[in-house]
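Participant: 3D, please:
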Amino acid sequence: MNTLLAPQRPSGLPDTLRLPSRDTRTSLLDRLALHLGLRLLLWSTRTPRLADDRRRHAHTFRHQEATAQRERAYLREASLAPRP
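Facilitator: Below you'll find the predicted structure:
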C-alpha cells in the first residue's frame, strides 16, 4: 500500500485514536518489561544443544551410516543380479 495515496486526516479535527489523558512516553518499567519479554522470546526459539554426549552421538552416526551403506550394497546387488 502506498501511504501517499492513503486518505489523510484533516488537520482541524482532533486525533480520536489518542486519549488526551494518556502520556505519549513509555515508562522505564514498561520498556524493561518489553526488553525482557523480547529476550525471553528469542531465548525460547534457540535450537536445543545436543542432548547426548559426543561419544554416543558419534556411535549413533556411525551405526546409521553403516546401516545405510549395507542397504545401498544390497540394492546394488539386487539390481545387478542376473534375471531368470
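Participant: near L29, how many other residues are there?
Facilitator: Number of residues near L29 (other C-beta atoms under 10 Å) recorded here: 8. Quick note: C-beta positions are derived from backbone N, CA and C, even for glycine.
Participant: for R83, same thing?
Facilitator: Residues within reach of R83, counting by other C-beta under 10 Å, total 3.
Participant: who are the contact partners of it?
Facilitator: With contact set as C-beta atoms under 8 Å, 6 or more residues apart in numbering, R83 has no partners.
Participant: start to end distance for stretch 75-84?
Facilitator: Stretch 75-84 has an end-to-end distance of 17 Å (criterion: C-alpha to C-alpha, to the nearest Å).
Participant: look at T24 and give its secondary structure.
Facilitator: When classified by DSSP: H, G, I helix; E, B strand; the rest coil, T24 comes out as coil.
Participant: what do you get for R46?
Facilitator: coil.
Participant: can you give me the helices in this structure?
Facilitator: Here the chain has its helices, by DSSP state H, at 28-44, 54-80.
Participant: can you list these in a markdown table and add mean pLDDT?
Facilitator: Shown next, in a markdown table, are the helices of the chain (pLDDT from 0 to 100):
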| stretch | mean pLDDT |
| --- | --- |
| helix 28-44 | 94 |
| helix 54-80 | 93 |
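Participant: for L4, which of these is the nearest?
Facilitator: L4 sits nearest to helix 28-44 of all those, at 31.1 Å, using C-beta to C-beta.
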